[in-house]
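Asker: Mind folding the following:
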Amino acid sequence: MSLIGAVLVLLGAAEVIVWALRRRPAGGIDPAILETFRLRVHFWWILLAALAAAFLLGHVVTVVLFGLISFWALREFITLTPTRPGDHRALFWVFFLFTPLQFVLVGTGYYEMYSIVIPVYAFLFIPARIALAGDYKRFLERTAKIQVGLLICVYCLSYAPALLTLKLPPLANGEPDTGGGVQLLLFFVLIAQLSDALQYAWSQLPNKHVIVPAINTTRTWEGLLGGTVSVTLIAAGLWWATPFHGSNWWMAAAMAAVISLMGFAGGITMSAIKRDRGVRDFGTLVEGHGGVLDRVDSLCFAAPVFFHCTRWWLLWQLAKN
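Answerer: Down below sits the predicted model:
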């Protein structure tokens, strides 16, 4: 697949650049910054290998993979925001009913259900079940924490594998685009991860302007604008390897900008939660990166927006034809 080849080239180039910079004499780039990039590149290799294995084994395995990631991310979130004994039975249903149900519905492509089962039914069930426990202390706070965790870690992230269920327009030769969903998911993950790295890189410029100093001192206007413009140009250059082929090449660039902006929103929001809880990371599972949620926070916020923007574009394309 052309997009997988492009990803391999980019990762290989990143490895060579990091290797070359680390061999330079001291006094150049901050070693801490190089180490951060090195760990990010290694994480990308792991993520690419996991996605490639899932794709080779089929859509079901891909959905299961994201389901496991969501389950672990939700566990990290709930662990960071302690609950009371009265919440435990509600959490049981959250972890062992609504989380797997969401991904089962995504796997079957049942959009009418997976788009509402959590924000409607789960959100109504959680406060009712907590109320039945008879513990009213900090009731709104406890309910909101569980709902936010379920929304971000499960509902939003589930829209990433949901991209596999979208039916794209036929190819230029009239044949159906059977691999379009896989390309969409690869494109989405690639741009989201590149955006994170490039926003961090641009934030290292001197005379930078921090956006919200009280929340995150590494999120700067230079990083946001530079990272967004960079991934937009990269996506425009890779349009031939995306489902946005032919005369729709501009959609690849536009979607990359959307992913970058929403990824920033996810990062700054999760930083606010960590600052509120007085911790640096959500967990310690991934070496040098904290927890799983620290690495997928941008995916969580960008996935539903990218999915719906793509879906609306597909409906527009269908209406045109």
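Asker: immediately after the strand or helix carrying residue 105, which helix or strand?
Answerer: Assigned by DSSP states H and E, residue 105 belongs to helix 99-108. Of the helices and strands lying after helix 99-108 in sequence (DSSP H and E), the nearest is helix 111-114.
Asker: now that next one: mean pLDDT?
Answerer: Taken as a whole, helix 111-114 has a mean pLDDT of 95.
Asker: list the helices and strands that helix packs on?
Answerer: Helices and strands touching helix 111-114, as assessed by 3 or more C-beta pairs under 8 Å, 6 or more residues apart in numbering; DSSP states H and E, comprise helix 99-108. In this view, the C-beta of every residue, glycine as well, is placed from N, C-alpha and C.
Asker: Go through the helix it packs on and flag the buried ones.
Answerer: 99, 101-107 (16 or more other C-beta atoms under 10 Å).
Asker: and whichever strand or helix holds residue 319, average pLDDT?
Answerer: Applying DSSP H and E as the criterion places residue 319 in helix 292-320. Across helix 292-320, the average pLDDT comes to 89.
Asker: How about stretch 128-148?
Answerer: Throughout stretch 128-148, pLDDT has a mean value of 94.
Asker: rewinding a little: buried ones in the helix holding residue 319?
Answerer: 292-307, 309-311, 313-314.
Asker: For residue 75, give its distance to residue 199.
Answerer: 27 Å (C-beta to C-beta, to the nearest Å).
Asker: So for those two, which residue has more residues nearby?
Answerer: Remark: of residue 75 and residue 199, residue 199 carries more neighbours, 26 against 18, as counted by other C-beta atoms under 10 Å.
Asker: looking at this, the more buried one is in a helix?
Answerer: Yes. Counting by DSSP: H, G, I helix; E, B strand; the rest coil, residue 199 falls inside a helix.
Asker: quick one: contacts for it?
Answerer: Counting by C-beta atoms under 8 Å, 6 or more residues apart in numbering, residue 199 touches 219, 223-224, 226-228, 260, 263-264.
Asker: Nearest to residue 126 among those residues?
Answerer: Nearest to residue 126 out of the contacts of residue 199 is residue 263 (C-beta to C-beta; 27.4 Å).
Asker: what's the closest non-adjacent residue to the closest one?
Answerer: Excluding its sequence neighbours, the residue lying closest to residue 263 (C-beta to C-beta, 6 or more residues apart in numbering) is residue 298, at 3.3 Å.
Asker: per-domain residue ranges of this protein.
Answerer: As given by automatic domain parsing, the domain ranges for the chain are 1-57+166-321, 66-162.
Asker: Worst mean pLDDT among those?
Answerer: Taking the mean pLDDT of those, domain 1-57+166-321 comes last: a mean of 79.
Asker: any chance you could map the helices in the chain?
Answerer: Listed in chain order, the helices found in the chain under DSSP state H are 2-22, 31-57, 59-80, 88-93, 99-108, 111-114, 123-132, 139-150, 159-162, 180-202, 221-237, 249-277, 292-320.
Asker: Does the third one pack against any helices or strands, and if so which?
Answerer: When you say that, I think you mean helix 59-80. Counting by 3+ C-beta pairs under 8 Å, 6+ apart, helix 59-80 packs on helix 31-57, helix 99-108, helix 139-150, helix 159-162, helix 249-277, helix 292-320.
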